[in-house]
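Q: what follows is a predicted structure for the sequence shown.
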Amino acid sequence: MRIATWNVNSVNARIETVLRWFEEAKPDVAVLQEIKCVDEKFPTEAFERLGYNVAVHGQKTYNGVAMLSKAPLEDVRRGLPGDETDEQARYIEAVVSGPTPVRVIGIYLPNGNPVDTEKFTYKLGWMARLHARAQELLTWEEPFAILGDFNVIPERRDAEFPDNWAGDALFRPESRGAFRALKNLGLTEAYLQADGAPGAYTFWDYQAGAWQRNNGIRIDHALLSPQAADLLTGVSIHRDVRAWEKPSDHVPLVIELDL
DNA sequence: ATGGTAGACCTTCTA
């Protein structure tokens, strides 16, 4: 079973590129971030034509996440628990049906810049709530995977020019520490040695020729519960998609589970 | 040090 995550930077502006990738990569499940539309404007029919069930947690103009699955989705949950006042659409969770059901969580973790504003506070609070949710799910001892745009550069080797990111919310010690703490709950990062070498980036800015200079960062991640980690057989970053016509600034990350 | 690009949408915000 292939599970993909991809920040598409507007699903409607990018629909041809997105559908082309789905037809080529044929993921069984995918979580999308930054769909940048309300539920009613999501191109549901286009994905249904490709055989997907669709769950959307949309928002006008900003953010927005979705989940697509060939198998039926159960127990769909929208919004990260822990703050009833949070109106940003950054979290979707569902159980993918099958002989071994797998809970899939798609996240668009807040960027957090500038760091001297409430945006950074919101990011850290959001990470604390994600930590609590993961902690709860772990007590169920079932296979689950958290995938998405984490907006965290875990290590220096995850940036081509790490010094450029000093002080940025994506690389601040607080953000990296919260990411480590999340993993240290007992989650396995899907990050094989082949792709784990320096240069395994998932994002290149549109500006200043970042792609041409390979000025990339690795900020899209997949974390697995122990029961899901035991099924992990592969990880791939679809780097070539960044060179397509009208690309997103992120590329897809795909994990393979032995199901 | 600044600005460079992209998307939504209305003028500036977010990234």
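A: In hand now; what should we look at?
Q: flag every residue of the stretch 151-259 of chain A that's near DNA strand B.
A: With CB under 7 Å from any atom of the strand as the criterion, the stretch 151-259 of chain A meets DNA strand B at residues A:206-208, A:246. Using the backbone N, CA and C atoms, a C-beta is placed for each residue, glycine as well.
Q: any chance of those residues in JSON lines, plus secondary structure and pLDDT?
A: Output for those, formatted as JSON lines (DSSP: H, G, I helix; E, B strand; the rest coil; pLDDT from 0 to 100):
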{"residue": "A:Y206", "secondary structure": "coil", "pLDDT": "96"}
{"residue": "A:Q207", "secondary structure": "helix", "pLDDT": "94"}
{"residue": "A:A208", "secondary structure": "helix", "pLDDT": "92"}
{"residue": "A:K246", "secondary structure": "coil", "pLDDT": "94"}
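Q: so which of those is surrounded by the most neighbours?
A: When neighbours are taken as other CB atoms under 10 Å, the top entry among those is A:Y206 (11 neighbours).
Q: wait, it sits on A:S248?
A: No. Counting by CB atoms under 8 Å, A:Y206 sits too far from A:S248 to count as a contact (9.5 Å).
Q: what does the stretch 1-150 of chain A have sitting close to DNA strand B?
A: So the stretch 1-150 of chain A meets DNA strand B at A:9-10, A:12-14, A:36-37, A:60-63, A:110-111, A:113, A:119 (CB under 7 Å from any atom of the strand).
Q: what do you get if the cut-off is 10 Å, keeping everything else the same?
A: Residues of the stretch 1-150 of chain A found near DNA strand B (CB under 10 Å from any atom of the strand) are A:7-15, A:17, A:33-38, A:41, A:59-64, A:88, A:90, A:108-114, A:117-119, A:122-123, A:149.
Q: buried ones among those residues?
A: Among those, those buried by neighbour count (16 or more other CB atoms under 10 Å) are A:7-9, A:11, A:14, A:17, A:33-37, A:59, A:63-64, A:88, A:90, A:108-113, A:122-123, A:149.
Q: pull the most distant pair out of the residues of the stretch 151-259 of chain A next to DNA strand B.
A: Using CB to CB, these span at most 18.8 Å, a distance reached by A:A208 and A:K246.
Q: what residues sit buried inside the helix or strand hosting A:L147?
A: Taking DSSP states H and E as the criterion, A:L147 maps to strand A:144-149. Within strand A:144-149, the residues that count as buried by 16+ other CB under 10 Å are A:144-149.
Q: got a list of contacts for that strand?
A: Strand A:144-149 is contacted by residues A:3-5, A:7, A:31, A:33-34, A:65, A:102-109, A:130, A:134, A:137, A:187, A:190, A:219-225, A:227-228, A:250, A:253, A:255, A:257 when judged by CB atoms under 8 Å, 6 or more residues apart in numbering.
Q: many thanks, I have nothing further to ask.
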